[in-house]
Structures are given as C-alpha cells and as structure tokens.
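J.: dropping a prediction and its sequence here:
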Amino acid sequence: MEPLLELKDINMIFENRAGLLAPKRKVGAVVGVDMRLNQGEILAVVGESGCGKTTIGKMVTGLFKPTSGSITFMGKDIWSLKGKDFFEYRRSVQMVHQDSYAALNPARTIYQSLSAPLFRHKLAKSKNEARKQLEDLFTMVGLTPPEQFLDKYPHQLSGGQRQRILLARALSVQPKLIVADEPVSMVDVSLRISLLDLMSDMNARFNIAFIYITHDLATARYIASHGRIAVMYLGKIVETGNLNKILAEPRHPYLQALLSAVPIPDPKIARAMKPLPLKSLDMPDPADPPAGCRFNPRCPYAEAICEQKEPPLIPLGEEMVACHLVERIPKWKWEQEAAFSK
Ligand SMILES: Nc1ncnc2c1ncn2[C@@H]1O[C@H](COP(=O)(O)OP(=O)(O)OP(=O)(O)O)[C@@H](O)[C@H]1O
C-alpha cells in the first residue's frame, strides 16, 4: 500500500547566532530521519525540548523546506507540487498548534477566521452556507450552542474552547492528515482528556491520520494506543514502532530513562527495573553534538564503540532501535505488564 506520507533521509540544518555579534553556528535540528505514515494512522513523535519534533511538523506541513531529503505526500514530492496539486496538498495537511491564542487572528471574529479557508477551498459558496457548516462542526467538536461562538473574538474564549476552534478549523477543509503540535500542553489538565478523545474520534470517524507531537509520554500513550511512536533524541529517531509494545518494553536506554522518570502513584504497580541513572542531566549542545551515538555522554551503558560510531536505526523484531548495545543491555519491563502476561 502506498503510504500517505513518506520522509526519506530528511536533514534540516539551521544557521543560528547566539547573540548579535556571535559567530554563526550550524544546528542539525533533524538528522537523517525516515518516517512513513499510512492513511488513518496515528504516529506520536516524542522527545525532550529541542530534539526536532516541531521542525518535523513544520516540514510535513510545508512551512520549512528540508536542507536535504524528500517528503512525499500521496506519492508526490511536496516541493515539486504545482497549481492544483499544491493547493490540494495544502488542504489535505493541516496543523494544530500548541498556542491557540497565537494561532488565531485577534482582530477577527471566529467566523471571519474560519470562513476564509472554506471560501478559499471552494467548500462554501455563501455566507449562510459557511455559517451552517461551521455551526455543524462546532457542534461536533463540543462547542454548543455553536452560534454563540461564531461572532466572538479569540480573547473572549477560554484556552480549551480556542483549541476546539482550531480543531474545527483543521477539520473544516476535510484533511487527510493533521499535525498536532503539543495541542493540549497549554490547556487545563482537566480538559486534556476530552480534547484527546475528540482527536481520536476524528481519526476513527473520518480516517484522518495524525502526527501527534509531544514531550509527554502519558498523552502520547493515550492518543496513539492503536498507533505507532517515534522517539527522538537530538535530531534523530532512536526507537520507533508499535506504541504499546515500545512503551511496555523500551529497548533504547534513552527511552528507558524517560520512562523511569515517570512517577508511579500506585504502590502496587512498580517497575521491574530501578530508575536508570543518567551520567548527565544536561542535553548536549545541538550545534556541537557528541561524536558516535548522540546519547553516549548521558548513557549509563556507553562503551568505546558508542563514542566512535553512530548507531544506525535497525530492525529489532517489529520495532526499530538505534543502539549498538541493544542486545546486551538489561530489558526494562513494567511489573504490571509482566503480571498481565502471566
Ligand atoms: N527557525 C529556526 N531557526 C534556527 N534554529 C531553529 C529554528 N527552529 C528550531 N531551531 C533549532 O532546532 C532545534 C530543534 O528545534 P525544535 O523546535 O524542532 O525542537 P522541539 O523538539 O520541537 O522542541 P520544543 O518542544 O521546545 O518546541 C533546536 O535546537 C532549535 O533551537
């Protein structure tokens, strides 16, 4: 089956200056990344701040052009698309941002902001038709009564309501893929689950694929429980595959460390392994990444080869892992997972 989206050997190098007079530095925000997404699939892209997650989202939506590598959507290179094909791609791939306030024009009403794409993509012919479509969408995303929201300005709504408006805006143009970049991190904790449920519902009802970008493993686990995960570290994917399998039995030491940092409130549930002590808590400078494996200065298992050679992402069962020592380091398991499988 042809994938909906395919990234091949993607690199994104930024030229940065730390200050006005500082020399330029090259930052490899994304390095040699391959990614595939099928229609209707959910992929969670997870990693710490600065690992390149947002840059991937911006490249997929065509906001950044990769320094090298190819991105194909429905079999066509997105940077060779012209005319109708380009317009179609722009409609089919939508982004939902973390900051719903910044994503909406403060000087326009919600109707003004959301009707524009409907007219642009010829999905509505008249004001009445656009209003009706938006009211139906607002009902679907839980903004009721819908007519109350259309003539409001963004500052008159709560963060949770604005985030639902952004989801309605993405949905309104009938996309095939939504890139959701930390969509719930600025929303009140009590409202997060309902927004995640809404996205799962969109996925199930309309077969819309999602790339869910987050630093939070808990929400990734929630939304992508039937999907896949790609764990990133300093611009590279270090582990990828079925989300449930990978979070139950993480193989890369970085993911093991991330999971062992998750607090466990229930004393009956424990980890089979002790928390993994990292050698350093600091993320290396992305402009000067360590030689060999990028994780080696922090990795408790690192050996000489890890400082010398960059580990490729290779298949391990159905998953893919980039670690020289993966066959030798202790397996990490949750006690309750072990209990369930008995
Ligand atoms: N437009 C840009 N110009 C220069 N450098 C950039 C730009 N965008 C990102 N970077 C750099 O690229 C690296 C990856 O950034 P990116 O925003 O993709 O990470 P992230 O994982 O999404 O982090 P966060 O969760 O903090 O947004 C960082 O070192 C960042 O400083």
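T.: Structure received.
J.: pLDDT score assigned to the residue most central in space within the chain?
T.: Centroid check for the chain by CA atoms, centre = their mean gives I213 as the closest residue, at 1.8 Å. On pLDDT, I213 comes in at 96.
J.: contact partners for it?
T.: I213 sits next to 44-45, 53-54, 56-57, 179-182 when contact means CB atoms under 8 Å, 6 or more residues apart in numbering. For every residue, glycine as well, the C-beta is placed using N, CA and C.
J.: okay, and the beta partners of it?
T.: Beta-bridge pairing for I213 (DSSP bridges): V45, D181.
J.: next SSE after the helix or strand containing L258?
T.: Per DSSP states H and E: L258 is located in helix 253-260. Scanning forward in sequence from helix 253-260 by DSSP H and E, the next helix or strand is helix 304-308.
J.: give me the number of residues near the nearest residue to A170 once chain neighbours are set aside?
T.: The shortest distance from A170 to any non-neighbouring residue, by CB to CB, 6 or more residues apart in numbering, is to Q94 (3.9 Å). Q94 sits with 23 neighbouring residues when counted by other CB atoms under 10 Å.
J.: sheet-wise, list the partners of the host helix or strand of Q94 with their directions.
T.: If you go by DSSP H and E, Q94 is part of strand 93-96. Its sheet considered, strand 93-96 pairs with strand 177-181 (parallel) by DSSP bridges.
J.: and the partner strand, which residues are buried?
T.: 177-181 (16 or more other CB atoms under 10 Å).
J.: so M186, which of the three states?
T.: coil (DSSP: H, G, I helix; E, B strand; the rest coil).
J.: correct me, but it touches A103?
T.: No: using CB atoms under 8 Å, M186 makes no contact with A103, being 10.8 Å away.
J.: name the residues that touch the helix ranked longest in the chain?
T.: For the chain, the helix with the greatest residue count under DSSP state H is helix 189-206. Identification of contacts with helix 189-206 by CB under 8 Å, 6+ apart yields 40, 42, 141-142, 160, 163-164, 167, 171, 174, 178, 180, 183-184, 187, 208-210, 212, 219, 222-223.
J.: switch to 10 Å and redo it
T.: 40-42, 96, 140-142, 158-161, 163-164, 167-168, 170-171, 174-176, 178, 180, 183-185, 187, 208-210, 212, 216, 218-220, 222-227 (CB atoms under 10 Å, 6 or more residues apart in numbering).
J.: list buried residues within those.
T.: If we count by 16+ other CB under 10 Å, the contacts of helix 189-206 have these buried: 40-42, 96, 140-142, 160-161, 163-164, 167-168, 170-171, 175-176, 178, 180, 183-184, 187, 208-210, 212, 219-220, 222-224, 227.
J.: list the contacts of I42.
T.: 178, 180, 199-200, 203, 208-212, 220, 223-229, 243.
J.: now the one helix or strand G57 maps to: buried residues?
T.: According to DSSP H and E, G57 maps onto helix 53-60. The neighbour-count check on helix 53-60 (16+ other CB under 10 Å) flags 53-60 as buried.
J.: tell me the confidence at the closest residue to the ligand within the stretch 201-342 of the chain?
T.: The minimum distance from the stretch 201-342 of the chain to the ligand, using CB to the nearest ligand atom, falls at P286 (4.2 Å). pLDDT, P286: 84.
J.: what's the closest non-adjacent residue to it?
T.: Nearest to P286 is V27, by CB to CB, 6+ apart, at 4.9 Å.
J.: element containing that neighbour, please.
T.: V27 belongs to strand 24-37, assigned by DSSP H and E.
J.: so is that strand next to the ligand?
T.: Yes: Strand 24-37 lies within reach of the ligand by CB under 6 Å from any ligand atom, at 27, 29.
J.: before we move on, the earlier item: touching the ligand at all, the helix holding L258?
T.: No: judged by CB under 6 Å from any ligand atom, helix 253-260 stays clear of the ligand, getting no closer than 13.4 Å.
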